[in-house]
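> Prediction below, plus the sequence it came from.
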Amino acid sequence: MANAKLLMTFPVTATSHTLAEYRARGGYGALEKVVRQMTPQQVVTEVTASGIQGRGGAAFPMGRKWGVVHPNDGQPHYLCANADEGEPGTFKDRWILEFAPHLLLESMLIASYALQVRNAFVYIRGEFDGPYRRLAGALEEAYEAGYFGEHVLGTDFACDLVIYRGAGSYVCGEASALITSIEGKRGYPRNRPPRLTVRGLYQKPTVINNVETLSNIAWIINNGGEAFKKVGHAKDPGTRLISISGHVARPGVYEIEIGHPFARFIHEDCGGVIGGRALKGVIPGGISTKVLTGKEIEPLTLDNPSLASAGSSMGSGGMIVIAEGTCMVRLLQVLLRFYHHESCGQCTPCREGMGWLHRIIDRIVAGEGRPEDIERLYQISKWNDGTTICGMGDAAGYATSGILNKFRDEFEYWIEHKRSRFDGTLECPRSS
Amino acid sequence: MQHLIPEFDKLKRRYPAGFESSLVLPCLRRIQEDRGYVASEDIDGLVDYLGVPRIQIEEVLSFYGQFRRKPIGRCHVQACRNISCSLLGAERILDHLKERLGIAPGETTPDGRFTLSTVECLAACGTAPVLMVNDTYHESMTPEKVDALLRSVP
């Protein structure tokens, strides 16, 4: 199947997000099938057979996450869609929330049926006002049509859904921080074990999946797990929504079949670098994945095994294109300011380390860098790796060492000459 | 906040039993929407209403970037300056805003019309640079579009 589309299967119009049009496209058919013909265990088996991996960044197999939840263990289970899309460069879940909200809701109903969830949640970032309104409108339509509530489609299956709005915190996109946030507290990540599927929201088994991951469920039910497995890469099946931005001619959200050639995606599908400039680098999946140079991407394909061979990953699908002539010292400065700002402050290596990294890069840019600063950046990155409760400390370290490994000369140049090797700006005007 | 209690009661019914603590964020969001910020008396009211410790509400208010304890200008301009926006001129847009408004990020104009802030990634990277004005995204911004936007504010 070349360039299969599983999610972006319809032309977006002013009304394509409505229940009427979703149903005209066959929407809620998978839910009908599930509640009338399948047992919860059959749904879990189908989803597990699909081999789908999480689309939020960690690429954890969905079936393995679900498999931990025991049916009939006599306690409530919760399901939460992670719509706290905040990894810089990532805006693909926003596409689903705005243009296919019923696809997410139907998929969540199916997941709730499979996991015997009575109360499901969507945790949506506080800044998403437009997407929230779209989703809230869709939920209201779905309630009126009898898809939610006491007797879903007249059966004994009952499910309610609450859309929970965040209030401005990057770390709440981390699953355990998200749960703590839904409990009405500071979004502090929690130590594992216990896994969230054992003790999550209010200490009950909780499954948290990314919006895009969940949205594939309707297709998997309609077409079968085996059919899903035939799409994309053998070890990383399906499609991915890639949101591409930065110095690229045609930014936006694209659905690609996993395993699509990387260079073709950038240079043909997305029109290459703006102004016809050379490609300096690409951050493939949100800023927490390691940067790849324009040359490095040439033999690669867009799937986790291929990107792992180059030391990076598909991450959250937030791709950032960097044109030749862009100052990587300034670029790292932006990233480190962000990590410093967003550290929740719970773990010492991250709370202090992010501040140190930020101050060192600021010092370099101010022309006061010292020759030993590069090694210091490396060392602080290493101190963070694996020593914090959540992955944010590691991620900041990966971003830092990833840029230093490939563009070390630019840092040395700035420290020595007290200015950028280039003009020091990050901007590449659209008109150039 | 007392006048919002009927609304909070309605909200509470959508949550499972025992989820009172979860209402902290939605109630604070609603209070801020109503008053423009969260006042001390709102915290007192919420402590009574939800039965949660006062420290929990204080912690939430200081943790989440969107909550405010003080009033701000009528028009809150938040400029993203994360990576994708910076790659397409966010720094120039922010400089332009500072110059036009005569204030730095974190400040409010003396007439109380505008507050300027910087903000981290808003997930609108494909239409960078982006501003969030009150609750609305303004995308693919240029200095000209910024001028038109500022003129449109009463």
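Structure received. Numbering: from 1, shown residues only, chains lettered A, B, ... in the order given.

> Where does the residue of chain B positioned farthest from its centre fall, secondary structure wise?
Going by CA atoms, centre = their mean, the residue of chain B most distant from its centre is residue B:17, 29.7 Å out. Residue B:17 belongs to no helix or strand when assigned by DSSP states H and E.

> contacting residues around it?
If you count contacts by CB atoms under 8 Å, 6 or more residues apart in numbering or on different chains, residue B:17 has none. In this view, the C-beta of every residue, glycine as well, is placed from N, C-alpha and C.

> now swap in the one 3 residues further on and tell me
When contacts are counted by CB under 8 Å, 6+ apart, residue B:20 touches B:12, B:50-52.

> out of these, who's nearest chain A?
Set against chain A, the nearest of the contacts of residue B:20 by CB to the nearest CB is residue B:52 (6.9 Å).

> count of residues packed around the closest one?
20 (other CB atoms under 10 Å in any protein chain shown).

> One more: residue B:136?
9.

> check contacts around the closest residue to it other than its chain neighbours.
Nearest residue to residue B:136 in three dimensions, chain neighbours excluded: residue A:129, at 6.9 Å (CB to CB, 6 or more residues apart in numbering or on different chains). Residue A:129 makes contact with B:135-137 under the criterion CB under 8 Å, 6+ apart.

> Among those residues, which ones are in helices?
Using DSSP state H, no member of the contacts of residue A:129 sits in helices.

> Kindly indicate which of these lies nearest residue A:89.
When those are compared for distance to residue A:89 (CB to CB), residue B:137 wins out at 16.3 Å.

> Bridged to the closest one, which residues?
residue B:132 (DSSP bridges).

> which ones are touching the spatially most central residue of chain B?
The residue lying closest to the centre of chain B (CA atoms, centre = their mean) is residue B:66, at 4.3 Å. Contact analysis of residue B:66 by CB under 8 Å, 6+ apart lists A:126-127, A:167-168, B:29, B:32.

> so the closest residue to residue A:15 other than its chain neighbours, which of the three states?
Leaving aside its chain neighbours, residue A:15 sits nearest to residue A:21 (5.7 Å; criterion: CB to CB, 6+ apart). The three-state label for residue A:21, taken from DSSP: H, G, I helix; E, B strand; the rest coil, comes out as helix.

> need the contact list for residue A:21.
Shown in contact with residue A:21 (CB under 8 Å, 6+ apart): A:10, A:13, A:15.

> of those, closest to residue A:211?
residue A:10 (17.5 Å).

> which SS state does that closest one fall under?
coil.

> gap between it and chain B?
19 Å (CB to the nearest CB, to the nearest Å).

> Contacts only, for that residue.
With CB under 8 Å, 6+ apart, residue A:10 has these contacts: A:16, A:21, A:25.

> Longest helix in chain A, please.
Chain A, longest helix under DSSP H: helix A:392-417.

> what comes up buried for it?
Buried residues in helix A:392-417, counted by 16 or more other CB atoms under 10 Å in any protein chain shown: A:392-404, A:406-407, A:410-415.

> Low-confidence ranges, the chain, go.
Assuming you mean chain A. A:1-2, A:429-432 (pLDDT under 70).

> hm, I was asking about chain B
In chain B (pLDDT under 70), no residue qualifies.

> which stretches of it form helices?
For chain B, applying DSSP H gives helices covering B:5-12, B:24-35, B:40-50, B:54-63, B:83-87, B:90-101, B:143-151.

> quick check, residue A:87 in a strand?
No - in this structure, residue A:87 is coil, not part of a strand, as judged by three-state DSSP.

> How many residues are close by it?
The number of residues packed near residue A:87 is 24, by other CB under 10 Å.

> Ok, residue A:315 next?
For residue A:315, the neighbour count with other CB under 10 Å is 26.

> now residue A:339: how far from chain B?
10 Å.

> what's near enough to touch that residue?
Residue A:339 makes contacts with A:354, A:357-358, A:392, A:395-396, A:399, as judged by CB under 8 Å, 6+ apart.

> Spell out the secondary structure type for it.
helix.

> Show me chain B divided up by domain.
B:2-63, B:75-151 (automatic domain parsing).

> tell me the most buried of the ones you listed?
Counting by mean count of other CB atoms under 10 Å in any protein chain shown, domain B:75-151 has the highest mean neighbour count of those, with a mean of 19.

> I'd like the distance from it to the chain centre, please.
Relative to the chain's own centre, domain B:75-151 is displaced by 13 Å; criterion: CA atoms, centre = their mean, to the nearest Å.

> ends of that domain, how far apart?
12 Å (CA to CA, to the nearest Å).

> Equivalent analysis for stretch B:92-110, please.
Termini of stretch B:92-110 sit 24 Å apart (CA to CA).

> can you check stretch A:145-159 too?
OK, stretch A:145-159 end separation, CA to CA: 13 Å.

> Quick check: residues of the stretch 201-350 of chain A near chain B?
Residues of the stretch 201-350 of chain A lying close to chain B (CB under 8 Å from any CB of the partner chain) are A:202, A:243-247, A:251-253, A:283, A:287, A:318, A:320, A:322, A:326, A:331, A:334-335, A:338, A:341-342, A:344.
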